[in-house]
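Novice: Could you work out the structure for the sequence below:
(one chain, ligands or ions: 2)
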Amino acid sequence: MMTQRKRIILTFPSLVIEKPITYHLVKDFDFKVNILRAKIVSGEEGRLLFEVEADEDDFERGLDFLRSEGVEVTPLSKEIRLNEKACTHCGACTAVCGSGALSLDKDTWYLSFDVDKCVACELCVDACPLGLLSVHF
Ligand code: SF4
Ligand code: SF4
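Specialist: Ligands and ions are numbered 1, 2, ... in the order given. I've put the predicted structure just below:
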């Protein structure tokens, strides 16, 4: 049996947020779940960026379970890359990065890019005046 490791974005409608979805993924489908980022606004939609590891069959069954519960499943197949050498550390990209992946180091004021926090929303791509952030599939 092949084990799969993937990053997926789960979007929960408000009715589903209170349900113990993660508990079922771990207990019923043997998922190893690492929540990289969670944004849940009370009474509204919630988003989770997951890194999951599971056997191939369990993986598909787990995703079917999520969809049957009304959760939208989006594989994170995009990657944002930064051309660090040309960066002037102006910070313009950090203003649009809601996940906190892009930030200015408070000691050095240099740009720091934490790939694990990136949810590939692409907002930073247009925000950089030098075009240093790009999307790769
Ligand atoms: S794609 Fe979105 S989350 Fe990722 S670094 Fe850019 S603004 Fe931040
Ligand atoms: S906007 Fe561009 S130049 Fe400015 S800090 Fe971000 S990546 Fe660097």
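
Novice: Quick check: residue 61 vs ligand 2, distance?
Specialist: Separation of residue 61 from ligand 2 (Cβ to the nearest ligand atom, to the nearest Å): 41 Å. For every residue, glycine as well, the C-beta is placed using N, CA and C.

Novice: count of residues packed around that residue?
Specialist: 16 (other Cβ atoms under 10 Å).

Novice: do the one 10 residues further on as well
Specialist: Burial of residue 71 is recorded as 19 neighbouring residues (other Cβ under 10 Å).

Novice: Ok, the one 10 residues further on next?
Specialist: Here the number of neighbours of residue 81 (other Cβ under 10 Å) works out to 12.

Novice: Just the pLDDT for it.
Specialist: Residue 81 is assigned a pLDDT of 91 by the prediction.

Novice: could we number from 4 for the rest of this?
Specialist: Taking 4 as the first residue, the last one we looked at is residue 84.

Novice: so who does it touch?
Specialist: Residue 84 makes contacts with 136, 137, 139, as judged by Cβ atoms under 8 Å, 6 or more residues apart in numbering.

Novice: Give the buried residues for the longest helix belonging to the chain.
Specialist: Using DSSP state H, we find that the single longest helix of the chain is helix 59-71. Within helix 59-71, the residues scored as buried using 16 or more other Cβ atoms under 10 Å are 61, 62, 64, 65, 66, 68, 69.

Novice: Take these and write them to TSV, including distance to residue 120.
Specialist: Formatted as TSV, the buried residues of helix 59-71 follow (distance: Cβ to Cβ, whole Å):
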residue	distance to residue 120
61	27
62	24
64	29
65	24
66	23
68	27
69	22
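
Novice: Enumerate the residues of this structure near ligand 2.
Specialist: Residues of the chain lying close to ligand 2 by Cβ under 6 Å from any ligand atom are 85, 90-96, 114, 130-131, 133, 135-136.

Novice: run the last query once more with 8 Å
Specialist: With Cβ under 8 Å from any ligand atom as the criterion, the chain meets ligand 2 at residues 85-86, 89-97, 105, 107, 114, 127, 130-136.

Novice: Now do the helix or strand bottoming out on mean pLDDT in the chain and helix 59-71, the angle between them.
Specialist: Lowest mean confidence among the helices and strands of the chain (mean pLDDT, DSSP states H and E): strand 35-43, at a mean of 77. Counting by axes from the mean of the first three to the mean of the last three Cα atoms, to 10 degrees, strand 35-43 lies at 20 degrees to helix 59-71.
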